[in-house]
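# sequence unavailable; structure follows:
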C-alpha cells in the first residue's frame, strides 16, 4: 500500500478510503424528514472532475449540491437538481505525527477518522456523541461536543480545500486566505464543495466516564463547578420530572476500568436503543403514558463509571430515530431558559418523549459558528420520529431567540436571514464572501436562500 508524504515528510501507510455503495437519484436523510430526487447523481473521482462538474452546472443554469451521510435534520443538503457524492473522491491521507496534523478527504466519516487516528496514536481533542457524519458535513454545520475548554469541531481545522461556484480550487488556512478560512470552517455548503480538510489532533488519550442520576435543582446550583471542574460535562433533563442524568468525561492516564462487555451492551444497546424505542412507540400510541414512562426512566437509571479510548467514550450508538432542534445560548441564561422550557413542555397539546440535552462550549472566532465570541450553553430538544414536534420547536425557538440564541445549522429551525443577521456579528461579511465565491448561486437551495438571503 503506497505511503503518502505529509507536509513535514512523515508518511502514512494508509491508502485511499474504499468506495461505498452507489445510491440512486432518491435521497433521504437519517431522520427521514427530508427527501429529494436528483436529476443527476455525480460521483467525481478527482478534484478536477468535480471542478468541471461545477463549471458545467453553473454555465447551464443548474444547481449542484454535495451531500454527506444525511445526519442533518434541516434541508441544508437537499437538492432536486444535481447531487454530488464524494465517496469516490478518496484522495491520499497525510499524517504528520510530530505536528499532530492529519489531512483527509472531506467525505471521510468521523467514525473512520477515529480509527485512522488511533492507528497513529492520535485522537480528536473532542467529539460529539454521533460519529456517522462526514467530516465536511460536521464542520459545515458547526457540529460540537461538550467541554468548557473546547469549541465546535471546526476549531480543530487548520486548513481546507474547496471548489468554488466558478469551479476554482481554493486552499485556505489562518495564514493563507484568512478571510475565507474564517468563513469556510462553518460554511453551510454555501461557499463551495469541500474536498480536503487538515485537522489538528492530540496524542491518543483515555477518558474516565462518570454517569449518574441527580436532581435538576442540585445540578443547576452546582453548575459553575461542574462546568469548570470537568474536561467534559453535560446533562439530560427528563420532561415531566425534576430529574437529570449527569455525564462527565475526564482524561486519565490509564484504561484501568473498562466497561464490561455485557454492561455496555445492556446499557447502550438494549436499554438505550431497544427498550427506549419500545417506550417511544408505546408513548406515541398512548400519549398519557409518556409522563410515567419518563419518570420511570429517570429513576431507573443507575450510576456507572468506566474508562475507555476517547472516541469510544465520546460517541454512542443512536438507533432510535428522532427530529431535533438545538440552540446555543449565552451560558448565563441557561437556568432561566430551562425554566421557560419546562413551562413550554407542560403547555403542549401533546407529550414530549425525549430527554433534553444540555452541553457547553468555549468561544471561537469562526464567523457563523454558534459559539462565535461567547461561552455557550446548548439546549437540544428532540421528538420521536413520527410524533408531532413543530409547535414544541416553534415555542422553544421564540423563547431562545429573545436571549440571542443561535440555531445549530444542521438541526431544525425556522429562522431566516433577517432574524439571523443580528445574532451573528460577521453575518454580512460571510454573505459578501458567498457573493464572491458563488455569484451564480450554483450551491444555493431553499435552505441557504432562507438563512442567507437570495
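Arrived safely, thanks for sending. Since we're looking at a predicted model, the values are computed, not measured.
# residue 207 contacts residue 310, doesn't it?
Yes. Residue 207 is in contact with residue 310 according to CB atoms under 8 Å; the separation is 5.1 Å. (C-beta placed from N, C-alpha, C; glycine too.)
# ends of stretch 156-171, what's the gap?
Counting by CA to CA, to the nearest Å, you get 16 Å between the two ends of stretch 156-171.
# tell me the buried residues in it?
When neighbours are counted by 16 or more other CB atoms under 10 Å, the buried residues of stretch 156-171 are found to be 156-167, 169-170.
# which of the residues you listed lies closest to residue 288?
Among those, residue 156 lies closest to residue 288 (CB to CB), at 45.9 Å.
# any idea of the pLDDT on that closest one?
Among the per-residue scores, residue 156 shows a pLDDT of 98.
# what does residue 7 give?
Model confidence at residue 7, given as pLDDT, is 35.
# repeat for residue 296
89.
# which is the next helix or strand following the host helix or strand of it?
Element membership of residue 296 [criterion: DSSP states H and E] is helix 290-300. Downstream of helix 290-300, the next assigned helix or strand under DSSP H and E is strand 304-309.
# who's in contact with residue 117?
By CB atoms under 8 Å, 6 or more residues apart in numbering, the contact set of residue 117 is 102, 123, 124, 201, 204, 311.
# pretty sure residue 397 is touching residue 411, no?
No. Taking CB under 8 Å as the definition, residue 397 is not a contact partner of residue 411, at 10.8 Å.
# these two: who's more crowded?
Each of residue 397 and residue 411 had its neighbours counted (other CB atoms under 10 Å), and the higher figure belongs to residue 411 (23 against 20).
# so how far is residue 177 from that one?
Distance from residue 411 to residue 177, counting by CB to CB, to the nearest Å: 29 Å.
# tell me how many other residues crowd residue 233.
Residues contacting residue 233 under the criterion other CB under 10 Å number 24.
# the helix or strand encompassing it pairs with which strands?
Under the assignment given by DSSP H and E, the secondary-structure element containing residue 233 is strand 232-237. With DSSP bridges as the criterion, the sheet partners recorded for strand 232-237 are strand 243-252 (antiparallel), strand 356-361 (antiparallel).
# tell me where the stretch 101-250 of the chain has strands.
For the stretch 101-250 of the chain, strands defined by DSSP state E, counting those that start in this stretch occupy the ranges 101-105, 122-123, 157-163, 169-173, 193-200, 202-203, 206-215, 232-237, 243-252.
# so which of those strands comes closest to residue 37?
Closest approach to residue 37 among these is made by strand 193-200 (20.3 Å; CB to CB).
# what angle sits between the closest one and strand 101-105?
With axes from the mean of the first three to the mean of the last three CA atoms, to 10 degrees as the basis, strand 193-200 and strand 101-105 are set at 160 degrees to each other.
# partners of strand 193-200, with directions?
Based on DSSP bridges, the pairing partners of strand 193-200 within the sheet are strand 101-105 (antiparallel), strand 157-163 (antiparallel).
# go ahead and name everything in contact with the helix holding residue 296.
Under CB under 8 Å, 6+ apart, the answer for helix 290-300 is 213, 238-241, 243-245, 276, 279, 282-283, 351-353, 355.
# give the PyMOL command for selecting the buried subset of those.
For anyone working in PyMOL, the buried entries among these, judged by 16+ other CB under 10 Å, can be selected with:
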select buried, resi 213+238+239+240+241+243+244+245+276+279+283+351+352+353+355
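# identify the farthest-apart pair in the contacts of helix 290-300.
244 and 282, at 22.8 Å, using CB to CB across those.
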